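*Asks:* Any chance you can model this:
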Amino acid sequence: MEFEVGLEIVDDYGDPDDEDFDDINDTDTRQLHSRIGHIAFEYEGRMLVWGGYKENSNGSHSRYLDTEELLSYNPYIDLWTLKETKNAPMAGISGSCAVVFDDTLYVFGGYYDQFPDIGGNTNGLYALNLKSSAWREVDTGASCKPLPCDKMTGWEHNQRLYFFAGFGPRPDVPSNSQCSFQLDMSTLHRGNRGWNNQLVCFDPLTEQWIQVKQKGQIPLPRAAHAAAKIGNLVYVFGGRNQDKRMKDLHVLNMDTLTWKQLQTSEVGPEGRSWHSLTAVGDTHLVLFGGYNQNEETLSDCWRLDVTSLSWTHVDLPFTSPRLWHTACLGVPGEVLVYGGCTSNIHSNMIQLSTEMVHLRFAPKPLFSLCVSTIMKERQRLVEQFPVLPDRLQSLINTLCSSDNRLATGDS
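*Replies:* Coordinates of the predicted model:
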């Protein structure tokens, strides 16, 4: 399979076809993309973005973003819109993990900046109905509750949600023998936090946590790793454990809950954390960015063929380093890289991304190309608008009447 990667400057408009979303009235487009610790997910062909925080001008990271705001990006016509949700039960939070099931977004765990006395982490589970836009806290009962943590990964399989590993406070009581915990010695005086390798399961039909039994070569405790699911297999790459940012690759068979560490080609990505891993098609994973052992923010891209277990370095026509970003599928064959930090996150003054990267491994859809071309040439083509199909004509007319055009700042 041949891959073609591109980065494109695109225009963003308020979304005219969605009455539930409002135009974004922010002329500084850099602010649209500047956040870390957020979540992003694909839903009905769009990328939705929620949570996280922004850096204040003095370098502090206390400005957590409004938990009732939900950003939406339509990759087919390059549209950003803002939706106000209702009754968000949580304060500002970062490092959560999100999984969508049956028109509901489930948000698990994360870190609250307001509660340093308990280490800041939570094992709370919250649900956002993506149709009614209403939040609620899920009452899961007291049994089988997972460890509080952030920077974990999650996915859905056979109508159940799974979450793996993370960073959080030491367990009060010994956990089951399958979950290991490694203390971060630098946190001895502020919460006794560390890394775990718990695998937990939530049943959204009964709204109960279920204890699962892992088998095989269970990965070491870690956080800020990345995971992607193809069919019944979940691939986990890298993450941090103690002072090491790893480059190991594991696969979990979801039918048997059996882990296996995979041996890949000698040429491959270096160890890292805070990177992204995205399934593109049925046989390939795309890895982008992260934070390496030398505390450098990375901008490299790699493609893994899961059938041959061979890595291929993807030559990009740009440099856009970032860590703690998110990556979602856009149009078919496209990975959208959003947000993140572009500098050393441990420095006093960190820098956030001001652009969204489009990694295209296939040609852009014809409909998207048509809309983009018409909008760019609308002054010359305006007299021909009446001959367009009704749906396309309505869309173009609405876009042209919008007073609040945004630019993504891609470069």
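
*Asks:* Quick check: bridge partners of the spatially most central residue of the chain?
*Replies:* For the chain, the residue nearest the mean C-alpha position is Thr326 (3.4 Å; C-alpha atoms, centre = their mean). In this structure, Thr326 bridges to Tyr338 when assessed by DSSP bridges.

*Asks:* give the contact list for it.
*Replies:* 38-40, 49, 276, 337-340 (C-beta atoms under 8 Å, 6 or more residues apart in numbering). For glycine as for every other residue, the C-beta is placed from the backbone atoms N, C-alpha and C.

*Asks:* How many residues are close by the spatially closest residue to Ala223 that is not a sequence neighbour?
*Replies:* Of all residues not flanking Ala223 in the chain, Phe167 sits nearest, at 3.6 Å (C-beta to C-beta, 6 or more residues apart in numbering). Neighbourhood size, Phe167 [other C-beta atoms under 10 Å]: 27.

*Asks:* The host helix or strand of Phe167 packs against which elements?
*Replies:* Element membership of Phe167, judged by DSSP states H and E, is strand 160-169. For strand 160-169, the contact count by 3 or more C-beta pairs under 8 Å, 6 or more residues apart in numbering; DSSP states H and E identifies strand 97-101, strand 104-108, strand 153-157, strand 193-203, strand 233-241 as packing neighbours.

*Asks:* how about the strands in the stretch 201-350 of the chain?
*Replies:* 208-210, 215-216, 226-230, 233-241, 244-253, 258-262, 272-273, 276-280, 284-292, 297-305, 310-313, 326-329, 334-338 (DSSP state E, counting those that start in this stretch).

*Asks:* and the strand holding Phe167, average pLDDT?
*Replies:* The average pLDDT for strand 160-169 rounds to 97.

*Asks:* same deal with stretch 48-57?
*Replies:* On average, stretch 48-57 scores 85.

*Asks:* Just the buried residues of that stretch, please?
*Replies:* Neighbour counts over stretch 48-57 (16 or more other C-beta atoms under 10 Å) mark 48-55 as buried.

*Asks:* count of residues packed around the nearest residue in space to Asp139 that is not next to it in sequence?
*Replies:* Leaving out its chain neighbours, the residue that sits closest to Asp139 by C-beta to C-beta, 6+ apart is Glu207, at 7.1 Å. Using other C-beta under 10 Å, the number of residues around Glu207 comes to 13.

*Asks:* Find the residue ranges of this structure scoring beneath the pLDDT cut-off.
*Replies:* 1-30, 56-62, 113-119, 173-177, 398-411 (pLDDT under 70).

*Asks:* ok, now which residue in it is the farthest from the centroid?
*Replies:* Farthest out in the chain is Glu383, which, by C-alpha atoms, centre = their mean, sits 42.2 Å from the centre.

*Asks:* Quick one: classify that residue as helix, strand or coil.
*Replies:* helix (DSSP: H, G, I helix; E, B strand; the rest coil).

*Asks:* Check whether Met90 really touches Glu68, as I assumed.
*Replies:* No: the criterion here is C-beta atoms under 8 Å, and Met90 misses it with Glu68 at 10.1 Å.

*Asks:* ok, the residue nearest to Glu270 when sequence neighbours are not counted to Leu48 distance?
*Replies:* With C-beta to C-beta, 6+ apart as the measure, Asn292 is the residue that lies nearest to Glu270, at 5.6 Å, once sequence neighbours are left out. Separation of Asn292 from Leu48 (C-beta to C-beta, to the nearest Å) stands at 30 Å.

*Asks:* wait, the residue nearest to Ala223 sits on Asn197?
*Replies:* No: with contacts defined as C-beta under 8 Å, Phe167 does not count as touching Asn197, sitting 11.3 Å away.

*Asks:* export stretch 121-141 as PDB, just CAs?
*Replies:* Taking C-alpha atoms only, stretch 121-141 is exported to PDB below (Å, rounded to 0.1, in the frame of the first residue of the first chain):
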ATOM      1  CA  ASN A 121      -6.400  12.200  40.600                       C
ATOM      2  CA  THR A 122      -9.900  10.800  40.300                       C
ATOM      3  CA  ASN A 123     -11.400   7.500  39.400                       C
ATOM      4  CA  GLY A 124     -14.800   9.100  38.600                       C
ATOM      5  CA  LEU A 125     -16.700   8.200  35.500                       C
ATOM      6  CA  TYR A 126     -18.900  10.800  33.700                       C
ATOM      7  CA  ALA A 127     -21.200  10.400  30.800                       C
ATOM      8  CA  LEU A 128     -22.200  13.000  28.200                       C
ATOM      9  CA  ASN A 129     -25.300  12.200  26.000                       C
ATOM     10  CA  LEU A 130     -24.100  13.400  22.600                       C
ATOM     11  CA  LYS A 131     -27.700  13.800  21.500                       C
ATOM     12  CA  SER A 132     -29.200  15.800  24.400                       C
ATOM     13  CA  SER A 133     -25.900  17.400  25.400                       C
ATOM     14  CA  ALA A 134     -26.500  16.600  29.100                       C
ATOM     15  CA  TRP A 135     -23.800  15.400  31.500                       C
ATOM     16  CA  ARG A 136     -24.200  13.100  34.500                       C
ATOM     17  CA  GLU A 137     -21.900  11.400  36.900                       C
ATOM     18  CA  VAL A 138     -22.200   7.600  36.700                       C
ATOM     19  CA  ASP A 139     -22.900   5.900  40.000                       C
ATOM     20  CA  THR A 140     -20.900   2.700  39.500                       C
ATOM     21  CA  GLY A 141     -21.200   1.400  43.100                       C
END
